[in-house]
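[1] coords please:
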Amino acid sequence: MEREDTDTGWTVVVQSPETAFAMISLNESPSVENMAETALATMREDYPDLDADACVDSVAGRPAVGYDIRFFSLDLTNTCWIRSFYCSRGTMVVMCQVNDLELETNEPVLRAICASLEVDDE
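    Below you'll find the model as predicted:
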């Protein structure tokens, strides 16, 4: 696990021993739509042919917007999901990614991380 503090928030990345990862980030100012769209645009820079479906979900008991993404990298199918939501300190974005060789073992772990998230609004 790695944490990086920025002028406007922080980012935490949890990396599997393989390539799967979860990134959770807080930023003080952008809208949830802007955070989700920025993450998708960054993905499109590296994977211009990716498929993305917009979605509305719930993370940490909060309404969240984002994308379910599929793309190819190194002849592997990759699954990624981005969710963004508000909390009292700003806008959160959660991004998880796993390739098809790790999907069976690591996707449940990433989903469990997302399901375990809680927001303390103090």
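[2] in the sheet, who's paired with the residue nearest the centre of the chain?
    Residue closest to the mean C-alpha point of the chain, counted by C-alpha atoms, centre = their mean, is M95 at 0.9 Å. With DSSP bridges applied, M95 shows beta-bridge pairing to M23, I82.
[3] correct me, but it touches V14?
    No: taking contacts as C-beta atoms under 8 Å, M95 lies outside contact range of V14: 11.1 Å. For every residue, glycine as well, the C-beta is placed using N, CA and C.
[4] any shared contact partners between the two?
    22-23 (C-beta atoms under 8 Å, 6 or more residues apart in numbering).
[5] residue ranges of the helices in the protein, please?
    Ranges of helices in the chain, per DSSP state H, are 32-46, 103-116.
[6] Which of these sits closest to T8?
    Nearest to T8 among the helices of the chain is helix 32-46; the distance by C-beta to C-beta comes to 11.5 Å.
[7] For that closest one, name the packing helices and strands.
    Under the contact criterion of 3 or more C-beta pairs under 8 Å, 6 or more residues apart in numbering; DSSP states H and E, helix 32-46 touches strand 62-73, strand 76-87, strand 90-99.
[8] could I get the second one in PDB with only the CA atoms?
    Provided in PDB are the C-alpha atoms of strand 76-87 (Å, rounded to 0.1, in the frame of the first residue of the first chain):
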ATOM      1  CA  LEU A  76      -5.000  -9.600 -22.200                       C
ATOM      2  CA  THR A  77      -8.500  -8.300 -21.500                       C
ATOM      3  CA  ASN A  78      -8.600  -5.900 -18.600                       C
ATOM      4  CA  THR A  79     -11.500  -4.900 -16.500                       C
ATOM      5  CA  CYS A  80     -11.600  -1.600 -14.700                       C
ATOM      6  CA  TRP A  81     -14.200   0.300 -12.800                       C
ATOM      7  CA  ILE A  82     -14.200   3.900 -11.700                       C
ATOM      8  CA  ARG A  83     -16.600   5.400  -9.200                       C
ATOM      9  CA  SER A  84     -16.700   8.900  -7.800                       C
ATOM     10  CA  PHE A  85     -18.800  10.300  -4.900                       C
ATOM     11  CA  TYR A  86     -19.000  13.300  -2.500                       C
ATOM     12  CA  CYS A  87     -18.000  13.300   1.100                       C
END
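[9] Thanks again, I'm all set now.
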